[in-house]
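Trainee: Got a sequence here, can you model it:
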Amino acid sequence: MQTQDKQQAIALLNRIMELELAGVVRYTHYALMIYGYNRIPIVSWLTEQGDEGLLHARRAGELITHFGGHPSLGIGPLLETHQHDIGAILRESLEHEQAALATYYELLELAQGKSVLLEEYARELIAAEELHAGEVNKMLRKPGDIAEFDG
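Mentor: Residues are numbered from 1 along each chain as shown. Next comes the predicted model:
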């Protein structure tokens with residue numbers, strides 16, 4: 001990779017790291033705000049999402065240092081809507097996941113034909129994020145609805 005491409009990749013990886021760390025905070029907060037009969041499985045799922053976000057952030061950080069960059073100490077945007085019903089939490093989660101997904105696609109576009117390592121990383125994380133967004137979309141559907149949730 002040329003120097004300019006490396007710098008752009010490092011910037012995108014830092015943005016990914018910040019978004020994933022924001023996801024850790026977000027999912028941890030959401031898990032604390034769940035009440036009701038279905039609390040235990042929902043809290044478990046949210047906790048797993050936070051753990052996965054931390055792993056994704058670490059992987060991005062490792063790639064940043066691989067390419068000679070400095071990992072950010074920043075964190076992506078955090079929005080507190082004070083709406084803690086499950087539907088609101090899932091809609092916020094879906095919005096956050098779509099922002100992360102768009103950044104992974106930017107990285108893939110930059111890396112194409114320049115770095116197999118970054119291409120494969122971006123493809124793997126895009127697949128994971130698309131699966132996750134699909135799961136959230138399914139959870140937002142009313143029982144019996146087959147069509148995708150559209151907001």
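Trainee: Next one: L107 from A100, what distance?
Mentor: As judged by C-beta to C-beta, to the nearest Å, L107 and A100 stand 11 Å apart. In this view, the C-beta of every residue, glycine as well, is placed from N, C-alpha and C.
Trainee: Return every residue with contacts to both of these two.
Mentor: Residues touching both L107 and A100 (C-beta atoms under 8 Å, 6 or more residues apart in numbering): I16.
Trainee: Which element, helix or strand, includes L94?
Mentor: Applying DSSP states H and E as the criterion places L94 in helix 86-111.
Trainee: do the same with I16
Mentor: helix 3-32.
Trainee: what does the following helix or strand past the helix holding L94 rub up against?
Mentor: Heading C-terminal from helix 86-111, the first helix or strand you meet, by DSSP H and E, is helix 116-140. Identification of contacts with helix 116-140 by C-beta under 8 Å, 6+ apart yields 1, 9, 16, 49, 52, 56, 59, 63, 66, 87, 90-91, 93-94, 97-98, 100-101, 104-105, 107-108, 110-112, 148-149.
Trainee: If any of these are buried, put those into a PyMOL selection.
Mentor: To isolate the buried ones among those in PyMOL, judged by 16 or more other C-beta atoms under 10 Å, type:
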select buried, resi 9+16+49+52+56+59+63+90+91+93+94+97+100+101+104+107+108+110+111+149
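Trainee: Could you list every helix and strand in contact with the helix holding L94?
Mentor: Under the contact criterion of 3 or more C-beta pairs under 8 Å, 6 or more residues apart in numbering; DSSP states H and E, helix 86-111 touches helix 3-32, helix 39-66, helix 116-140.
Trainee: Just the buried residues of the first one, please?
Mentor: This means helix 3-32. 6, 8-24, 26-28, 30-31.
Trainee: now do stretch 73-83
Mentor: With burial defined by 16+ other C-beta under 10 Å, the residues of stretch 73-83 counted as buried are I75, G76.
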